[in-house]
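S.K.: starting from these lines, generate the structure:
(2 chains)
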Amino acid sequence: MVVSSIASFGRYCMFMMQVFRTPDKWKVFFQRLVSEISKLGVDSIPLVIIISLFIGAVITIQMTINIVSPLIPSYSTGLATREILLLEFSSSMMCLILAGKVGSNIASEIGTMRVTEQIDAIDIMGINSANFIVLPKVVGFVLFVPVLCVLSMFMGLVGGWFIARFTTMISVENYVFGIQSFFNEWYVWYGIIKTLVFAYIIASVAAYYGYYVKGGSLEVGQASTKAVVSSSILILLADVILTKLLLQ
Amino acid sequence: MIEAKNISKWFDGQRVLYDISATFDTGKTNLIIGQSGSGKTVFMKCLIGLLTPEEGTIMYDGRNFREMSVQQKRVLRSEIGVLFQGSALFDNETVLGNVMFPLKMFSPLSHAEQLERAHFCIQRVGLTNADEKYPSEISGGMQKRVAIARAIALNPKYLFCDEPNSGLDPRTSILIDELLSDITHEYGITTIINTHDMNSVLGIGEKIVFINKGHCDWIGNDKTIFRSTSQSLNDFVFASQLFQEVKKFLEREYEANKNV
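M.R.: Model prediction:
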């Protein structure tokens, strides 16, 4: 188990060395980059909006129900909602969800390319297939994920605002005052930095599992599952390390 | 011309190729034949460089493949076209996109000239009104044609085809064989076709290399294959009922001629 993990990590590092080479043709790279940003990033926007909106609303409801002490000011609901969204949900939880969507997409796409000999076809033309296929995905997703993170923060707060606006649990004034109170700008940067690391983990780990698939469609499915599980665990591990490094 | 000398290959300690030597001539359709699992695909992958043989040398017109630098290999690879068994077309690219791919990556031509070349290749393989279709929207035979068009887009000196007829009906198989043969003669390409289809063997087998259990058992052509004394080759060639009947017919003819 330990030996195979070390061997796997070594192979991952070798793979990344292949990926991070100068592209054969910059023009083709940028064309593929735009396409990957659209496929992996822009296409994730609806999912991010829906989940953030609902989770923001749920957090607001839960905070309102649980913060009932007369000693705690009523604007605390908005403040707590904001802190949860900025510190954890819009970075870590959102990336765990994206690991499922984007990670499985990357692993299954590259895995299918492997089993249908498309990667061999690229290799045989003398093109560095790892660089050609994977680099635009990693760079594209890492570049776009801060947009998703900020969007998630915003939509989460909007979700909370909907609760304030359309229920009697908390007034809109209190909620808006809460989300503006004691604002620490660094928390936004902290969330963005985390998502950059998580995006790299999601794209690179999924690409690694897809690239080294052997067999047929069954193995592509297994690779996709392994990619999601591994990247989720690595995201949680990186979350602990980054929180310790960036918030202490 | 491609020369393979004493090619040996192992997988996990198990030997799959035993000192295979063969020469593949320029301007001819060279066939590698053998049963499934005989090692012909492994041999072809060694020739292309997708697998590295543990022993042996591969010479491309006098250039030793194993001793080439990375840059020299890149140059050589731009001279190689490959038709994979499953066509290996890029799913997210149209027919035109697939044929344009090698041109975009390697050709110094302008975009308009690349388009012109791609259209020429598509027409050369007999495809019409398919430019904007995706691989999933066309038939297996058409996919093979697109893969051939992509393989010849850069005017290759060497064309490798791994079981080009697999999954195709007999009529389409013959058309693909004829197309490969025509292209080979037209452009003077060294074409190597991996197949176990006897129709191809008899139709376009200008040079035939028979591989059996990792050994090269026989080398000849479509004219000499029926006269071979190799037991393993005869077992392979006359495996089907049809060819057993052909064999009986040939033997009867031979006896009749002998008596005359």
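
S.K.: going by C-alpha atoms from here, please, whenever you check contacts or count neighbours.
M.R.: Noted.

S.K.: for B:C216, see how far away B:L233 is.
M.R.: 10 Å (CA to CA, to the nearest Å).

S.K.: measure stretch B:233-251 end to end?
M.R.: 17 Å.

S.K.: list the buried residues for it?
M.R.: In terms of neighbour count (16 or more other CA atoms under 10 Å in any protein chain shown), stretch B:233-251 has its buried residues at B:L233, B:N234, B:F236, B:V237, B:F238, B:K247.

S.K.: of those, closest to A:G178?
M.R.: B:F236 (82.1 Å; CA to CA).

S.K.: contacting residues around the closest one?
M.R.: B:G34, B:Q35 (CA atoms under 8 Å, 6 or more residues apart in numbering or on different chains).

S.K.: go on, A:V158?
M.R.: Contacts of A:V158 (CA under 8 Å, 6+ apart): A:L53, A:G56, A:A57.

S.K.: and the helix or strand encompassing the last one, what does it pack against?
M.R.: Taking DSSP states H and E as the criterion, the element that holds A:A57 is helix A:45-66. In this structure, helix A:45-66 makes packing contacts with helix A:76-84, helix A:129-166, judged by 3 or more CA pairs under 8 Å, 6 or more residues apart in numbering or on different chains; DSSP states H and E.

S.K.: got the CA positions of the helix or strand following the longest one in PDB?
M.R.: Once helix A:129-166 ends, the next helix or strand along the chain (criterion: DSSP H and E) is helix A:172-180. Taking Å, rounded to 0.1, in the frame of the first residue of the first chain, the C-alpha atoms of helix A:172-180 are listed here in PDB:
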ATOM      1  CA  VAL A 172     -33.400  42.700   5.400                       C
ATOM      2  CA  GLU A 173     -31.800  45.700   7.300                       C
ATOM      3  CA  ASN A 174     -30.300  43.400   9.900                       C
ATOM      4  CA  TYR A 175     -29.100  40.900   7.400                       C
ATOM      5  CA  VAL A 176     -27.500  43.500   5.200                       C
ATOM      6  CA  PHE A 177     -25.900  45.200   8.200                       C
ATOM      7  CA  GLY A 178     -24.600  41.800   9.300                       C
ATOM      8  CA  ILE A 179     -22.900  40.900   6.100                       C
ATOM      9  CA  GLN A 180     -21.200  44.300   6.000                       C
END
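
S.K.: could you export the helices and strands packed on helix A:45-66 as CSV, including mean pLDDT?
M.R.: Shown next, in CSV, are those (pLDDT from 0 to 100):
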stretch, mean pLDDT
helix A:76-84, 93
helix A:129-166, 96
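
S.K.: what residue is smack in the middle of chain A?
M.R.: Chain A has A:C95 as the residue nearest its centroid, 2.8 Å off, counting by CA atoms, centre = their mean.

S.K.: surely that residue and A:A199 touch.
M.R.: Yes. Contact criterion CA atoms under 8 Å: A:C95 and A:A199 qualify, at 7.2 Å.

S.K.: related to what we said a few turns ago, where do the contact lists of B:L233 and B:C216 overlap?
M.R.: Joint contacts of B:L233 and B:C216 (CA under 8 Å, 6+ apart) are B:F210.

S.K.: with adjacent residues omitted, what lies nearest to A:I119?
M.R.: A:M113 (5.8 Å; CA to CA, 6 or more residues apart in numbering or on different chains).

S.K.: burial check on that neighbour, number of neighbours?
M.R.: Taking other CA atoms under 10 Å in any protein chain shown as the criterion, the count of residues near A:M113 is 23.

S.K.: how is it assigned, secondary-structure-wise?
M.R.: Three-state call for A:M113 (DSSP: H, G, I helix; E, B strand; the rest coil): helix.

S.K.: correct me, but it touches A:A121?
M.R.: No. Here A:M113 lies out of contact with A:A121, judged by CA under 8 Å, at a distance of 9.6 Å.

S.K.: what's around residue 208, how many residues?
M.R.: Defaulting to chain A. A:Y208 has 24 nearby residues by other CA under 10 Å.

S.K.: that's the wrong chain, I meant chain B
M.R.: Neighbours around B:I208, by other CA under 10 Å: 26.

S.K.: quick check, it in a helix?
M.R.: No. Read with three-state DSSP, B:I208 is strand and lies in no helix.

S.K.: could you list every residue that touches B:D162?
M.R.: Counted by CA under 8 Å, 6+ apart, B:D162 has contacts B:T41, B:M44, B:V82, B:L83, B:F84, B:Q85, B:I193, B:N194, B:T195.

S.K.: do you know the pLDDT at the most centrally placed residue in chain B?
M.R.: Central residue of chain B (CA atoms, centre = their mean): B:I193, 1.9 Å from the mean position. Predicted confidence (pLDDT) for B:I193: 92.

S.K.: please name the bridge partners of it.
M.R.: B:L31, B:C161 (DSSP bridges).

S.K.: list the contacts for it?
M.R.: So B:I193 contacts B:T29, B:N30, B:L31, B:I32, B:F160, B:C161, B:D162, B:E163, B:P164 (CA under 8 Å, 6+ apart).

S.K.: any idea which residue of chain A is furthest from its center?
M.R.: When each C-alpha in chain A is compared with the mean C-alpha position (CA atoms, centre = their mean), A:P70 comes out farthest, at 38.4 Å.

S.K.: confirm for me that A:V139 is in contact with A:L33.
M.R.: Yes. Using CA under 8 Å, A:V139 is in contact with A:L33, at 7.4 Å.

S.K.: who has more neighbours out of those two?
M.R.: In this view A:V139 and A:L33 are compared by other CA under 10 Å, and A:L33 has more residues nearby, 21 against 17.

S.K.: and the closest residue to the more buried one other than its chain neighbours, what does it touch?
M.R.: Leaving out its chain neighbours, the residue that sits closest to A:L33 by CA to CA, 6+ apart is A:P136, at 4.6 Å. Going by CA under 8 Å, 6+ apart, A:P136 touches A:F29, A:F30, A:R32, A:L33, A:E36.

S.K.: and chain A, which residues reach chain B?
M.R.: Residues of chain A lying close to chain B (CA under 8 Å from any CA of the partner chain) are A:24-25, A:28, A:113, A:116-118, A:120-121, A:123-127.

S.K.: of the residues you listed, which pair is most distant in space?
M.R.: So, these by CA to CA: farthest apart are A:K25 and A:T116, at 24.2 Å.

S.K.: who has more neighbours out of these two?
M.R.: A direct count of neighbours by other CA under 10 Å for A:K25 and A:T116 places A:T116 higher, at 22 against 13.

S.K.: pretty sure the more buried one is touching B:Q85, no?
M.R.: No. Checked against CA under 8 Å, the pair A:T116 and B:Q85 is beyond contact range at 9.0 Å.

S.K.: just for the stretch 151-260 of chain B, where's the confidence low?
M.R.: B:260 (pLDDT under 70).

S.K.: how near is the residue in it that chain A sits nearest to to B:V75?
M.R.: Residue nearest to chain A within the stretch 151-260 of chain B: B:A151 (9.5 Å; CA to the nearest CA). Computed as CA to CA, the B:A151 to B:V75 distance reads 15 Å.

S.K.: now B:G203
M.R.: From B:G203 to B:V75 the distance is 33 Å (CA to CA).

S.K.: likewise for A:I72?
M.R.: 73 Å.

S.K.: who in chain B is up against chain A?
M.R.: Looking at chain A, the residues of chain B close enough under CA under 8 Å from any CA are B:48-50, B:73-75, B:77-78, B:80-82, B:84, B:86, B:88-90, B:102, B:104-105.

S.K.: can you rerun that using 7 Å?
M.R.: B:R74, B:R77, B:S78, B:G86, B:A88, B:L89, B:F90, B:M105 (CA under 7 Å from any CA of the partner chain).

S.K.: still on that earlier bit, dump the residue contacts of the residue of the stretch 151-260 of chain B closest to chain A.
M.R.: Listed by CA atoms under 7 Å, 6 or more residues apart in numbering or on different chains, the contact set of B:A151 reads B:G81, B:V82, B:L83.
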